[in-house]
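**Student:** Below is the sequence, then the predicted model.
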Amino acid sequence: MLYLEWVSFLGLLGCGLWIFLKLPIEASQGFPQKIMYLHVPSVITTYLAFFVVFIFSIAYLWKRELVFDQIAKASAEVGLVFCALVLLTGAIWGKPTWGTYWVWDARLTTTLLLFLIFMGYFLLRMSVNDRDKEARLASVLGIIGFLDIPIIHKSVEWWRTLHQPSTLFKVESGQASPSISPELYYPLVASIIVMLVFYIYLLLLRYQTEKRTDRLNQLLADTQD
Amino acid sequence: MKTRTKFVIGGAIIFAVLTALSVQGLQEMTVFFYTPQEVLASPGKFENKTIRIGALVQKGSVEWNAQAIQLSFNITEDGKKFIPVYYAGVKPDLFREGQGVVVEGKMQGPRFEAHQLLVKHSEEYTVETENKKNKEDYYKSIQAQ
């Protein structure tokens, strides 16, 4: 599809080779810092995926076009996978640096909450048989669920957490100043871009399947009448 | 009593308990650790309670006994007021002087006995330029450990 699968495959491969073969070792953490190139792009992708859910859920409630719900559903599914990846890579990163896989601090707890909300989102979808009612209820939960993301993002500033504040979105005296050396920063930006391309590919793929599933169900319902 | 009334009463009780639990949970979640100043200011409040304290490892205070696997150090925010910490366990990889840590345990008199030692690292990522440490040296250094 638009060769996006090849772009993401070659991009991910290229980033991987760059990160493991070319990048210098980070000063304080050493080798474990490299998981940042999977963790942070997954975070950004999760944010974007659920933002898409948010926008298209509003669009569905407003226009009642099934296509908006299909996009929201596809994006929520991809977002849930990336959210799981965030929790998993975070745990793997936490062990060698913090000394634990998991703590119940505000950042980690609100991230787990996001994962659980969107697990509930799919349970809700599965429990409703009427397609329009499913779309309506899911849209409401999709909008509410997204509201956890600003909380996740700000949790490290609002509350005392074990998780450190944001590196990428650090603001000093009103100016954006990511606290990371350029050698480590550029590959991170590249990894984020590649991951977003991969997200778009997965989203389009899931959306097409969703569209066909709905059409097939419609046809089956019509023939039974 | 009508079924509806029973549902209302039952629902109200469940709602009240859930609210109480989440308020308590939120308080615990939003304050993941106390600071040494807060603990020193009101010792009575924290006596015999399992708490977490977050601060920096005071420079020159670390004593590590590798034979007995015992670690003791002071934690401080300002370098003046500090709490001595005792921890019977392995020293984490990122543990060093001046590093942020979160210790979980209990105050035993003036000393904090920790059963968990977590490292709280900063959001700054840099490459080692001073020593010009390259990858080969790094791999050798971890193999030597």
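**Tutor:** Ah, there it is.

**Student:** Chain B: strands as residue ranges?
**Tutor:** Taking DSSP state E, the strands of chain B run over residues B:51-57, B:63-65, B:70-76, B:82-87, B:100-108, B:111-120.

**Student:** Now do the contacts for residue 33.
**Tutor:** Using chain A here. By CB atoms under 8 Å, 6 or more residues apart in numbering or on different chains, the contact list for residue A:33 reads A:25, A:26, A:184, B:125. To be clear about C-beta, it is placed using only N, CA and C from the backbone, and glycine gets the same treatment.

**Student:** oops, I was thinking of chain B
**Tutor:** Shown in contact with residue B:33 (CB under 8 Å, 6+ apart): A:160, A:162, B:51, B:52, B:53, B:54, B:102.

**Student:** List the contacts of residue A:192.
**Tutor:** Applying CB under 8 Å, 6+ apart to residue A:192 gives the contacts A:40, A:41, A:44.

**Student:** Name the helix or strand for the last one, please.
**Tutor:** I take that to be residue A:44. Following DSSP states H and E, one finds residue A:44 within helix A:36-63.

**Student:** what ranges do the strands span in chain A?
**Tutor:** Using DSSP E, the strands of chain A run over residues A:171-172, A:175-176.

**Student:** Name the stretch among these that sits most buried.
**Tutor:** strand A:171-172 (a mean of 10; mean count of other CB atoms under 10 Å in any protein chain shown).

**Student:** anything in that one near chain B?
**Tutor:** No: judged by CB under 8 Å from any CB of the partner chain, strand A:171-172 makes no contact with chain B; its nearest approach is 11.7 Å.

**Student:** Over to stretch A:141-152?
**Tutor:** No: judged by CB under 8 Å from any CB, stretch A:141-152 stays clear of chain B, getting no closer than 11.1 Å.

**Student:** Show me what counts as buried in the longest helix anywhere in chain B.
**Tutor:** Assignment by DSSP state H gives helix B:3-30 as the longest helix of chain B. Residues of helix B:3-30 classed as buried by neighbour count (16 or more other CB atoms under 10 Å in any protein chain shown): residue B:29.

**Student:** Throw the contacts of residue A:33 into a markdown table and include distance to residue A:135 and pLDDT, thanks.
**Tutor:** Below are the contacts of residue A:33 laid out as a markdown table (distance: CB to CB, whole Å; pLDDT from 0 to 100):
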| residue | distance to residue A:135 | pLDDT |
| --- | --- | --- |
| A:25 | 50 | 90 |
| A:26 | 46 | 90 |
| A:184 | 43 | 93 |
| B:125 | 43 | 91 |
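
**Student:** ok, back up a step: turn the strands of chain B into TSV, including mean pLDDT, mean neighbour count and distance to residue A:8.
**Tutor:** Formatted as TSV, these follow (pLDDT from 0 to 100; neighbours: other CB atoms under 10 Å in any protein chain shown; distance: least, CB to CB, whole Å):
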stretch	mean pLDDT	mean neighbour count	distance to residue A:8
strand B:51-57	94	21	40
strand B:63-65	93	11	47
strand B:70-76	94	20	46
strand B:82-87	94	20	45
strand B:100-108	94	19	37
strand B:111-120	94	20	35
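
**Student:** export these to JSON lines and tack on distance to residue A:52?
**Tutor:** Below are these laid out as JSON lines (distance: least, CB to CB, whole Å):
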{"stretch": "strand B:51-57", "distance to residue A:52": "36"}
{"stretch": "strand B:63-65", "distance to residue A:52": "50"}
{"stretch": "strand B:70-76", "distance to residue A:52": "44"}
{"stretch": "strand B:82-87", "distance to residue A:52": "46"}
{"stretch": "strand B:100-108", "distance to residue A:52": "36"}
{"stretch": "strand B:111-120", "distance to residue A:52": "33"}
